[in-house]
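K.L.:
Predicted model follows, preceded by the sequence.
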Amino acid sequence: MGDQINILIDNLQALFLRLLDFPVAFQLLLWFSLFSLLYVSMLKMMGAFKLNELSVNAKIIAYCVGGGICIASASAALFDFKQHQQEKEFLLSTNKPSLYYSIKDSLQPYFNKYLEPLKNLSFGRASSVNYIQNDHGIEILELKFNNPCINAFLVTIDLNQYEIVLDSSILEKKLTSVFAKHNNVDIAVNGEAGSSPGKEAPLGQWVGNYIVCGKSILLKDSRYRPFISFDKNNFGKYYPDSALVLNAGPDMYNTIWGRFNLLVDGKMDIAKKDGTRNNLYPRTIVAIDKSGKRAFCLVVDGRRPIYSVGMTMAMCGETLLSVGAFNAMSCDQGGSSMMYSKKLGLINRPADGRERVVYTHLGFRQLLTKK
């Protein structure tokens, strides 16, 4: 019962924060409707308890309290509108090709041949594809689209040069940035947040296989959850949701579960169980190529109409196929979507306006000796 109450509170809080991201006109209409309902209810209550027979002074006090609530809420809406305007002015005044920095295309050994496919995806031509980091086998691209308005970040990792790093415990949630700094990883994305955004929310149905450095932390695979596993040599292998694996195999040295299938054996295989699959939505996608020696992480920002509305799962799948991904799964999405770089810090703009704590993270750390 306690968990259900906490989840309800967390969901109501998330709903309220999300409402604040809507256009101010919609918010004013919503608040006006709510306060009209409140006003009518107050009149009904006064009649039921014969409070309408109170003195004029008592009625004035009651109306002043209601009016004060309306004024306070209107002030909050105006403050929110001002924040939106400031963000819009900042974005319009920024003509830089990237939020961070760009480097010459000639320095990019991997993504050069994929620039044109990325600029000509079927759902819209990318207005810009910018390199923001290129370090010893890690390359990060910023993808921008105008119609629809989308900002996404795509990283590729050479697993000959990087090892897999996972949380050694999933007993409590933490920020992706905290995980990354604590483990000195070069790049990290979020994994699973559980039943709700709250820090104490349980995993609930969102469980699967999780193994860290050969130690089984959680073995709860089902026909619902895919997972990616890496052996001691960081060779990646994908297990779609149709595969039921209840015992750790020799190649499962580091294993992390995801939420839903996206790509299976080079083809789009979008899980119908994902209720957000056709929505423009913030996303975190983890993928590997056919060889299993290159990993991809795609983080898409969303719920910010001025900046980025998000992607559908099909958009994510097409984007990853264009750069050579062969298998891919989504992780926890929405406000949990997060990418952190040791060099650049927080890469994306989370839908909540700040990082959200999650139970699992996937990190990549440079090997001391290259293979």
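P.N.:
Structure's in. What do you need?

K.L.:
Bridging across strands, which residues link to S216?
P.N.:
Note on S216: beta-bridge partners I211, judged by DSSP bridges.

K.L.:
in the stretch 51-200 of the chain, which segments are predicted with low confidence?
P.N.:
The model of the stretch 51-200 of the chain has pLDDT under 70 over residues 51-63, 66-67, 69-70, 73-111, 125-126.

K.L.:
try 50
P.N.:
For the stretch 51-200 of the chain, the stretches flagged by pLDDT under 50 are 88-107.

K.L.:
Where does pLDDT dip in the stretch 251-371 of the chain?
P.N.:
Looking at the stretch 251-371 of the chain by pLDDT under 50, you get an empty list.

K.L.:
Let me see the ranges of the helices in it.
P.N.:
Per DSSP state H, counting those that start in this stretch, the stretch 251-371 of the chain carries helices over the ranges 313-322.

K.L.:
what residues go with each domain of this protein?
P.N.:
2-93, 105-366 (automatic domain parsing).

K.L.:
Tell me how far the last one lies from the chain's centre.
P.N.:
Its chain's average C-alpha position is 9 Å from that of domain 105-366, according to C-alpha atoms, centre = their mean, to the nearest Å.

K.L.:
hang on, the earlier thing: pick the most deeply packed of the domains of the chain.
P.N.:
domain 105-366 (a mean of 19; mean count of other C-beta atoms under 10 Å). Glycine gets a C-beta too; all of them are placed from N, C-alpha and C.

K.L.:
Now for the closest residue to K220 other than its chain neighbours: which residues touch it?
P.N.:
Take K220 and drop its neighbours on the chain: the residue closest to it by C-beta to C-beta, 6 or more residues apart in numbering is V207, 4.3 Å away. Neighbour list for V207: L218, K220, S222, R225, W257 [criterion: C-beta atoms under 8 Å, 6 or more residues apart in numbering].

K.L.:
What's the end-to-end length of stretch 303-319?
P.N.:
20 Å (C-alpha to C-alpha, to the nearest Å).

K.L.:
Verify the stated contact: S322 with K113.
P.N.:
No - with contact defined as C-beta atoms under 8 Å, S322 does not reach K113; the gap is 10.5 Å.

K.L.:
follow-up on the earlier one: in helices, which of the contacts of V207 fall?
P.N.:
When DSSP state H is applied, the contacts of V207 are split such that none fall in helices.

K.L.:
Dump those into CSV; add distance to N279 as well.
P.N.:
Formatted as CSV, the contacts of V207 follow (distance: C-beta to C-beta, whole Å):
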residue, distance to N279
L218, 29
K220, 27
S222, 24
R225, 21
W257, 22
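
K.L.:
Show me which pair in those residues is furthest apart.
P.N.:
The distance between the two most remote of those (C-beta to C-beta) is 11.9 Å, for L218 and S222.

K.L.:
what sits in contact with each of those two?
P.N.:
Jointly contacting L218 and S222 under the rule C-beta under 8 Å, 6+ apart are V207, G208.

K.L.:
that older thread, nearest to E142, of the contacts of V207?
P.N.:
Of the contacts of V207, the one sitting nearest to E142 (C-beta to C-beta) turns out to be W257, at 28.1 Å.

K.L.:
what bridges to the closest one?
P.N.:
F227.

K.L.:
who are the neighbours in contact with it?
P.N.:
For W257, counting by C-beta under 8 Å, 6+ apart, the contacting residues are E192, V207, G208, N209, Y210, L218, D221, R225, P226, F227.

K.L.:
I'd say D186 and Y340 touch.
P.N.:
No - in this structure, D186 is not within contact of Y340 by C-beta under 8 Å, at 9.7 Å.

K.L.:
Please enumerate the shared neighbours of these two.
P.N.:
With C-beta under 8 Å, 6+ apart as the test, D186 and Y340 reach no residue in common.

K.L.:
would you list every one of the strands in the stretch 201-350 of the chain?
P.N.:
For the stretch 201-350 of the chain, the strands defined by DSSP state E, counting those that start in this stretch occupy 209-212, 215-219, 227-230, 236-239, 254-257, 260-264, 267-268, 283-288, 294-300, 327-330, 339-341, 345-346.

K.L.:
among the ones you listed, which is nearest L118?
P.N.:
Nearest of those (C-beta to C-beta): strand 294-300, 11.5 Å.

K.L.:
Please list the outside residues in contact with the closest one.
P.N.:
For strand 294-300, the surrounding residues in contact (C-beta under 8 Å, 6+ apart) are 150-159, 187, 189, 236, 281-289, 308, 310-311, 316, 319-320, 323-325, 328, 337-339, 347-348, 362, 364.

K.L.:
do that again at 6 Å, thanks
P.N.:
Contacts with strand 294-300, where a contact means C-beta atoms under 6 Å, 6 or more residues apart in numbering, come from 152-157, 159, 189, 282-288, 310-311, 316, 320, 325, 337, 339, 348.
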